[in-house]
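Visitor: got a predicted structure here, sequence first:
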Amino acid sequence: MNSTFLTDVKQAFESTFNQEPLLVFSPGRINIIGEHTDYNDGFVFPAAVDKGIFAAIQKSTSNHSTAVALDLERTITFELDKIKPLKQGSWENYVLGVVAEIQNKNIVIGNFNIVFKGDIPSGAGMSSSAALENSVVYGLNEIFNLGLSKQDMILISQKAEHHYVGVKCGIMDQYASMFGVKNNALHLDCRTVESSPYKINFKHHQLILINTNVKHNLADSAYNDRRSACEHISKLLNIKALRDATEADLERIKDKVTPANYQKALYVIQENERTLKAAKAIEDNNLDDLGSLMYQSHYGLSKQYKVSCEELDFLVEHAKQNTHVLGARMMGGGFGGCTINLVAKSEAKNFAQTTAVAYKKAFQKSCSVYYIQLSDGTHHVTQTN
Ligand code: GLA
């Protein structure tokens, strides 16, 4: 965890508001496998990481509330009885959305001040948005003693994303960020919203992220379109969600759906199975199987679900040419962001370097490499070092 960032938000808070804040760290996440399965009531395999949002928060006696986005050097003040979404894409919506969703539960909060800063690049597919939402709801729950459970809090964060940010996301990001367990990934059933922790120690291998540094503007609407397509097919199949479908079920309605939507539903059914197989592979310490499932996942995301992009495909192809890389795939919602790679530790540096060179040559821009640690979920931080 970046202690400088924590000091930064603490100092900025104290000098702006003249009070001692409560400090919160709320992590971003990776996802080993199980992409676009969460809103289909399926399985996912995320983990919280040591990068995320650092927030300083406290009650205010003023007649308005203030939020400061330190990275952006932007400040917003707002009145609690006049909360409404701002234009799409505004950072303010993550804060305002959480406040509105708390109020929608008929919970009364008072005015507050918050200063935050993050070390996850936005659009990296590492859920900086869920990290921010969780930091706000967690901080408000603490300072106003709201008595919300972690389950309550992630549902509030998710609703903020649906109603204020405009993305009909599943529960994976908020869950992983809130419930993360150090050195573990969470095998999460998105129907029951319960998970089993899996200790991740790949011995001679490690997970590395490579960020394309690409973010596509239409990603949010494309995401919502995918979700509607899945819901449409579930309706045709007369089931609650695609988690309940088999390939044979889908085959029976093939002539009622477009070929593109057929492929999308097929992807979801197969990805869900892959996620269960990945859990078994990790239990058996069978990294070859895990890696191959990751490559298959990428193929499905790119060719069937169509949420990849040229840069992500390039990185995965490049990984495939290195025998020390057991698996790679795009991670998160897609259309940019990071790939997640399962790489031999002895090769990690070399792989990162050769990838950077090849990427630059192909796209005339740089990719970024992140070495991550799996961390605890959203929590109160007591020390600044
Ligand atoms: C985004 C969403 C998640 C999930 C992933 C894809 O990160 O917020 O709910 O659907 O995309 O797996």
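Guide: Perfect, I can see it now. A quick note: this is a predicted structure, and the numbers were derived from the prediction, not measured.

Visitor: which non-adjacent residue is nearest the residue nearest the centre of the chain?
Guide: Nearest residue to the geometric centre of the chain (Cα atoms, centre = their mean): Ser127, 3.1 Å. Spatially, and ignoring its direct neighbours in sequence, Ser127 is nearest to Asp173 (3.9 Å; Cβ to Cβ, 6 or more residues apart in numbering). Using the backbone N, CA and C atoms, a C-beta is placed for each residue, glycine as well.

Visitor: around the ligand, which positions in the stretch 101-250 of the chain sit nearby?
Guide: Residues of the stretch 101-250 of the chain lying close to the ligand (Cβ under 6 Å from any ligand atom) are Ser127, Cys169, Gly170, Met172, Asp173.

Visitor: buried subset of those as a ChimeraX selection?
Guide: A single ChimeraX command selects the buried members of these (16 or more other Cβ atoms under 10 Å):
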select :127,169,170,172,173
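
Visitor: next, give me the two most distant ones among the residues of the stretch 101-250 of the chain next to the ligand.
Guide: Pairwise distances among these were taken by Cβ to Cβ; the largest, 11.4 Å, belongs to Ser127 and Gly170.

Visitor: what strand or helix carries the nearest residue to Thr246 once chain neighbours are set aside?
Guide: Closest residue to Thr246 apart from its sequence neighbours, by Cβ to Cβ, 6+ apart: Ile269 at 6.8 Å. Here Ile269, judged by DSSP states H and E, is contained in helix 259-283.

Visitor: hmm, the helix or strand following that helix touching the ligand?
Guide: Downstream of helix 259-283, the first helix or strand assigned by DSSP H and E is helix 287-299. No. Helix 287-299 does not reach the ligand (Cβ under 6 Å from any ligand atom); its nearest approach is 10.2 Å.

Visitor: all strands for the protein, in order.
Guide: 22-31, 43-44, 46-59, 65-69, 74-78, 112-118, 184-189, 194-199, 205-215, 325-330, 336-344, 368-371, 379-381 (DSSP state E).

Visitor: switch these over to JSON lines; also include mean pLDDT and mean neighbour count.
Guide: Supplementary listing: these in JSON lines, determined by pLDDT from 0 to 100; neighbours: other Cβ atoms under 10 Å:
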{"stretch": "strand 22-31", "mean pLDDT": "98", "mean neighbour count": "27"}
{"stretch": "strand 43-44", "mean pLDDT": "98", "mean neighbour count": "27"}
{"stretch": "strand 46-59", "mean pLDDT": "98", "mean neighbour count": "26"}
{"stretch": "strand 65-69", "mean pLDDT": "98", "mean neighbour count": "20"}
{"stretch": "strand 74-78", "mean pLDDT": "97", "mean neighbour count": "14"}
{"stretch": "strand 112-118", "mean pLDDT": "98", "mean neighbour count": "24"}
{"stretch": "strand 184-189", "mean pLDDT": "98", "mean neighbour count": "23"}
{"stretch": "strand 194-199", "mean pLDDT": "98", "mean neighbour count": "15"}
{"stretch": "strand 205-215", "mean pLDDT": "96", "mean neighbour count": "22"}
{"stretch": "strand 325-330", "mean pLDDT": "98", "mean neighbour count": "26"}
{"stretch": "strand 336-344", "mean pLDDT": "97", "mean neighbour count": "25"}
{"stretch": "strand 368-371", "mean pLDDT": "96", "mean neighbour count": "16"}
{"stretch": "strand 379-381", "mean pLDDT": "96", "mean neighbour count": "14"}
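
Visitor: let's have the ones you listed in CSV, adding distance to Gln103.
Guide: Output for those, formatted as CSV (distance: least, Cβ to Cβ, whole Å):
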stretch, distance to Gln103
strand 22-31, 20
strand 43-44, 30
strand 46-59, 16
strand 65-69, 12
strand 74-78, 12
strand 112-118, 13
strand 184-189, 28
strand 194-199, 28
strand 205-215, 31
strand 325-330, 37
strand 336-344, 32
strand 368-371, 36
strand 379-381, 23
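
Visitor: which residue, neighbours along the chain excluded, lies closest to Asn286?
Guide: Lys280 is the one closest to Asn286 (Cβ to Cβ, 6+ apart), at 8.0 Å.

Visitor: pLDDT wise, what is that neighbour at?
Guide: Note on Lys280: pLDDT of 98.

Visitor: what count of nearby residues applies to it?
Guide: 12 (other Cβ atoms under 10 Å).

Visitor: with Thr378 instead?
Guide: Thr378 has 29 nearby residues by other Cβ under 10 Å.

Visitor: that one and Leu23 touch, don't they?
Guide: No. In this structure Thr378 lies outside contact range of Leu23 using Cβ atoms under 8 Å: 11.8 Å.

Visitor: list the residues that contact the residue of the stretch 201-350 of the chain found nearest the ligand.
Guide: In the stretch 201-350 of the chain, the residue that lies nearest the ligand is Gly333 (3.4 Å; Cβ to the nearest ligand atom). Counting by Cβ atoms under 8 Å, 6 or more residues apart in numbering, Gly333 makes contact with His36, Gly125, Cys169, Ala219, Tyr223, Val307.

Visitor: check Val49 too.
Guide: Pro27, Gly28, Arg29, Ile30, Met126, Gly180, Ile372, Gln373, Leu374, Ser375.

Visitor: and with 7 Å instead?
Guide: If you count contacts by Cβ atoms under 7 Å, 6 or more residues apart in numbering, Val49 has them with Pro27, Gly28, Arg29, Ile30, Met126, Ile372, Gln373, Leu374, Ser375.

Visitor: closest to Tyr164 out of these?
Guide: Gly28 (19.3 Å).

Visitor: correct me, but that closest one touches Ala47?
Guide: No. In this structure Gly28 lies outside contact range of Ala47 using Cβ atoms under 7 Å: 10.1 Å.

Visitor: what's the pLDDT at the residue in the chain sticking out farthest from the centre?
Guide: If you look at how far each residue of the chain sits from its centre, by Cα atoms, centre = their mean, the farthest one is Asp255, at 34.8 Å. With respect to pLDDT, Asp255 scores 96.
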